[in-house]
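Undergrad: need coordinates for the below:
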Amino acid sequence: MKTENMERYNRQIILPEIGKTGQEKLSKARVLIVGVGGLGSPIALYLAGAGVGTIGLVDDDVVSESNLQRQVLYTEDEIGLSKALQAQKRLQALNHDIQINAYPTRLTKENAASLIANYDIVVDGCDNFATRYIINDACAHWGRPYVYGAILAFEGQVSVFNYQGGPDYRTLYPDEEEMLAMPAPFKGVLGVTPGAIGCMEANASSWALPIFAHKDPLFETSMLKDLDVIDYKNLKACADKGDELSVKLLRRSFDCWSANLCNLIIAYDPEVIILSGGIARMGEDLRRPLEEHVHKYAWTPWGHLDIRLAEKPEASVVLGLHKLTLDEIAGKTAL
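TA: Numbering: from 1, shown residues only. Modelled structure (predicted):
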């Protein structure tokens with residue numbers, strides 16, 4: 001990283017989870033954004049600002065007046081011009097040290113593989129099922145993570161597919177023909193909704209645990225240094241063997257999870273909490289201490305709170321999104 005860029009990225013570099021090493025990784029990262037509209041605008045702006053070294057922009061559309069309410073990359077003077085090319089100019093003006101590649105074309109089955117092969121991560125800024133299936137299949141082929149986002153009115157969804165062999169988009173929507181036959185979704189959207197969801201997508205392109213581990217001074221002598229993948233399952237295994245860094249990170253994680261659970265209980269008064277995702281691989285080693293903490297520090301009107309492990313932790317988020325989405329589509333169609 002250039003010395004003159006130290007000040008530019010100072011607010012990131014001073015974060016212990018990122019530091020100089022993390023910023024160097026960002027400068028070498030290659031991210032492809034498919035769709036530079038409501039979602040793609042904040043995604044592109046914040047990734048460019050963060051110093052992601054190479055950003056690709058795929059969009060065959062032109063700027064229209066109705067875009068300006070939420071697509072913050074563009075101005076009135078750019079109406080009728082290519083989104084990809086105008087976004088490239090704007091982002092290059094924001095950060096001249098990074099590479100911005102514009103592809104003013106539609107992502108298709110014919111060009112997806114060759115485009116995605118050149119990038120590390122693909123971020124979804126599109127607005128249709130057909131393109132999402134194309135993204136998914138190309139990411140699955142090349143082993144690339146797919147950061148998914150979708151918006152409707154005041155709501156949005158964010159997920160990460162195909163991460164380290166996890167579920168992909170077809171796990172969420174297995175029947176492509178059924179999804180493509182769905183009626184066109186309602187187009188109303190609050191201007192800030194895509195901004196909020198797009199920012200979440202930009203943030204979802206990295207994961208905190210490996211950064212925490214690599215940044216810690218104990219890493220050089222830790223068992224974690226020899227692992228290809230640093231996840232909570234491996235973290236627990238190393239902690240059980242007495243690895244100092246693993247114990248430290250695990251304790252820190254439990255503190256965060258416990259505090260978040262207590263906040264959720266105070267806000268929503270749930271009767272049941274289901275633990276899911278990658279952390280649920282720890283099983284009872286996760287559930288028991290969280291339950292003890294919650295019962296000690298969080299009050300519920302019915303007393304004992306039922307904390308369970310998901311039956312299918314790797315797919316439960318996808319299954320939940322699937323149900324919520326179908327319920328939403330059914331509701332909108334009924335109206």
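Undergrad: okay, now the domains of this protein?
TA: 5-206, 209-318 (automatic domain parsing).
Undergrad: by mean pLDDT, show me the worst of those.
TA: The stretch with the lowest mean pLDDT among those is domain 209-318, at a mean of 76.
Undergrad: now that one: how far from the chain's centre is it?
TA: Relative to its chain's centre, domain 209-318 lies at 19 Å (CA atoms, centre = their mean, to the nearest Å).
Undergrad: okay, the domains of the chain, which one's buried deepest?
TA: Of all those, domain 5-206 has the most neighbours on average by mean count of other CB atoms under 10 Å, namely a mean of 18. Using the backbone N, CA and C atoms, a C-beta is placed for each residue, glycine as well.
Undergrad: quick one: contacts for the spatially closest residue to L275 that is not a sequence neighbour?
TA: Spatial nearest neighbour of L275, chain neighbours left out: L309 (5.4 Å); criterion: CB to CB, 6 or more residues apart in numbering. Contacts for L309 were tallied using CB atoms under 8 Å, 6 or more residues apart in numbering; they are I274, L275, S276, A280, G283, E284, L286, R287.
Undergrad: which one of those sits closest to A84?
TA: Closest approach between the contacts of L309 and A84, by CB to CB: S276, at 37.1 Å.
Undergrad: pretty sure that closest one sits against E311.
TA: No. With contacts counted by CB atoms under 8 Å, S276 stays clear of E311, the gap being 9.4 Å.
Undergrad: any common contacting residues for these two?
TA: With CB under 8 Å, 6+ apart, S276 and E311 have no common neighbours.
Undergrad: one step back: can you lay out the contacts of L309 as TSV showing secondary structure and distance to N95?
TA: As requested, the contacts of L309 are exported to TSV (DSSP: H, G, I helix; E, B strand; the rest coil; distance: CB to CB, whole Å):
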residue	secondary structure	distance to N95
I274	strand	41
L275	strand	40
S276	coil	37
A280	helix	38
G283	coil	44
E284	helix	47
L286	helix	40
R287	helix	44
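Undergrad: just the closest of these to A239, please.
TA: For the contacts of L309, the closest approach to A239 (CB to CB) belongs to L286, at 12.1 Å.
Undergrad: pretty sure the closest one is touching L275, no?
TA: Yes. L286 is within contact range of L275, at 6.2 Å (criterion: CB under 8 Å).
Undergrad: ok, now how distant is the nearest residue to E284 once chain neighbours are set aside from L290?
TA: Distance criterion CB to CB, 6+ apart; nearest residue to E284, sequence neighbours excluded, is L309 at 7.6 Å. From L309 across to L290, the span is 10 Å (CB to CB, to the nearest Å).
Undergrad: mind listing the shared neighbours of these two?
TA: L275.
Undergrad: how about the strands in the stretch 1-150 of the chain?
TA: In the stretch 1-150 of the chain, the strands defined using DSSP state E, counting those that start in this stretch lie at 30-34, 54-58, 99-103, 121-124, 146-152.
Undergrad: next, format the ones you listed as JSON lines and append distance to A87.
TA: What follows is these, written out as JSON lines (distance: least, CB to CB, whole Å):
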{"stretch": "strand 30-34", "distance to A87": "9"}
{"stretch": "strand 54-58", "distance to A87": "5"}
{"stretch": "strand 99-103", "distance to A87": "7"}
{"stretch": "strand 121-124", "distance to A87": "13"}
{"stretch": "strand 146-152", "distance to A87": "17"}
